[in-house]
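Asker: Predicted structure and sequence below. I'll ask about it afterward.
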Amino acid sequence: MHSVVEQFDRRVLDVLTPERRQRLQQPRTLVLGFLALHSIFLFALLPTILTGRVLGDLPLYRIWAELGLNHEVWQGLTVEWVYPIGALVPITLAGLAGPLLYQLLWFLMTVVLNGVAVAALTSNLRRPGGYPAAWVWLVFSFILSPVGLLRLEGLTAPLVIAGLVFLATRPVLAGVLLSAATWIKVWPAAVVLAVVAVSRRRLTIILTGAAVTAVLAASVTLLGGAQFLTGFVTMQSDRALQLEAPVTTPWVWLAAIGHQHTTIYENLDISTREVTGPGTAFVAQIMTPLMFLVILGIFVLLLLALRHTKDSSGLLLMGALALVGAFVVFNKVGSPQYMLWVAPIVAVGVAQDLRLWRIPAYLMAVIAVLTTLVFPVFYLPLIAGDPFAVSLLTGRNALLAVLFAWSVRMLWRMACGRVPVRVPLAAHPLPNLVQGRAFRAPSGEGHRRG
């Protein structure tokens, strides 16, 4: 793997000459890059916005918003819903100006939150050490834009970035952001679990999360939807193996080669593609318990590692990557937006230790490209069982497993005391996410902390 990483390093250094790297470290360049990227997004969405249409998952979101605003049929309040109740907030906000402006308002929310993420990573453009991470996040946002601009993950991902960064200096705000993201989509709970395991701010995060949850639960109860508050859990648990989930890959190949008892079909109730074949019902039944068993193992590994390393900030991020990776790799449900669960953690990791986290950054870049090729570019051939499309999906899922294995291996090495504590080489490194103190890099190339 080291030779592959070195090849990537050489390619990156060939493109990013010293002059270009210096230019990318300038606030003006980053601001122009941010504006240029979102101008491209706006230009691509302009025909949809001008005609009052919506793309991706937004047609469904708009229907939900209209049902609530016009007919008082609120998802999660008057009927059972597949999402946590917090998702109703952005979905409704985008519909306040009417259905014709839904796409525009959703886009504006995405721009604002991406701006918050970039500002957090760079301390409002004042911290040069955060610029590589900001550029990494913008690159990921560009590659994954077909889902990032059109699904809830495009809003929760920047919230998680800001929450992780603010954990050091504004733990209450970090707790609010991470709790809010979790009540929009469940996946940030894995990040919260890493914080609880490692961070000295755990009590603040737990109390803040409990307060946010109590306010939401009380509001839902007052509005008469208490019986639906946890409905998203049961609705997800009944699902079969989904087409893009890593565990489903063998059966996707069976369908591709024409196995008579294996089929890719559409679940009309939840508008998703699933796979049925020999053993799929059993595997679907055991995957959720297996996923939580793996998560428990990672949590224990985090506790062991905490006793053997002083790099608690790096441990938190590595634990978050492993826990979110478990959510993706061992999930019977798989969708392209799940890559936006992993990308935010990698971006914050790059801000903390560019040299170490360049490995998951390279992996994530390739995973993102393959994901976008799978959906939307080759999605219809994939449904039809085209071998090339299935190969793309297989490669993406294999790299997800590699990334997960890398994070677990790093945690194991930390638990065994084999990973030296590195100080980031940036001039103004990311504040310690756990202790609330800033690392101070000495002169020279780096050193070990005792």
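Answerer: Received, thanks.

Asker: only C-alpha atoms for contact and neighbour calcs from this point on.
Answerer: Noted.

Asker: Report all helices and strands that the helix or strand hosting Gly154 contacts.
Answerer: According to DSSP states H and E, Gly154 maps onto helix 153-166. If you count contacts as 3 or more Cα pairs under 8 Å, 6 or more residues apart in numbering; DSSP states H and E, helix 153-166 packs onto helix 102-122, helix 145-148, helix 171-184, helix 339-352.

Asker: Can you tell me how far Phe43 is from Pro99?
Answerer: 20 Å (Cα to Cα, to the nearest Å).

Asker: cool, and Arg28?
Answerer: Noted for Arg28: a distance of 36 Å to Pro99, by Cα to Cα.

Asker: Between these two, which is the more surrounded one?
Answerer: Pro99 (17 against 12; other Cα atoms under 10 Å).

Asker: which non-adjacent residue is nearest that one?
Answerer: Leaving out its chain neighbours, the residue that sits closest to Pro99 by Cα to Cα, 6 or more residues apart in numbering is Arg62, at 6.8 Å.

Asker: Count the residues that sit near that neighbour.
Answerer: Applying other Cα under 10 Å, I find that Arg62 has 22 neighbouring residues.

Asker: Please name every helix or strand in contact with the strand or helix carrying it.
Answerer: Assigning secondary structure by DSSP H and E places Arg62 in helix 58-71. Contact here means 3+ Cα pairs under 8 Å, 6+ apart; on that basis helix 58-71 packs against helix 88-93.

Asker: Distance of the residue nearest to Pro99 relative to Arg53?
Answerer: 10 Å.

Asker: can you check Pro381 too?
Answerer: For Pro381 relative to Arg53 (Cα to Cα), the value is 26 Å.

Asker: okay, and the common contacts of Arg62 and Arg53?
Answerer: Contact criterion Cα atoms under 8 Å, 6 or more residues apart in numbering; no residue bridges Arg62 and Arg53 by contacting each.

Asker: can you give me how far stretch 388-399 is from the chain middle?
Answerer: Mean-position distance between stretch 388-399 and its chain equals 19 Å (Cα atoms, centre = their mean, to the nearest Å).

Asker: meant to ask about stretch 138-149, not that
Answerer: Between the centre of stretch 138-149 and the centre of its host chain there is 11 Å, according to Cα atoms, centre = their mean.

Asker: outside of the helix or strand where Ile264 lies, which residues touch it?
Answerer: According to DSSP H and E, Ile264 maps onto strand 263-267. With Cα under 8 Å, 6+ apart as the test, strand 263-267 has contacts from 243, 252, 255, 272-277, 383-384.

Asker: Mark which of those are buried, thanks.
Answerer: 243, 252, 255, 273-277, 383 (16 or more other Cα atoms under 10 Å).

Asker: Show me where the stretch 301-450 of the chain dips below the pLDDT cut-off.
Answerer: Low-confidence segments of the stretch 301-450 of the chain (pLDDT under 70): 419-450.

Asker: mind redoing it with 50?
Answerer: Within the stretch 301-450 of the chain, the stretches with pLDDT under 50 are 421-432, 434-450.

Asker: tell me the helices in it, going along the chain?
Answerer: 312-329, 339-352, 354-372, 379-383, 387-415 (DSSP state H, counting those that start in this stretch).

Asker: Rebuild these as TSV, extending it with distance to Ser141.
Answerer: Conversion of the helices of the stretch 301-450 of the chain to TSV gives the following (distance: least, Cα to Cα, whole Å):
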stretch	distance to Ser141
helix 312-329	18
helix 339-352	9
helix 354-372	9
helix 379-383	20
helix 387-415	17
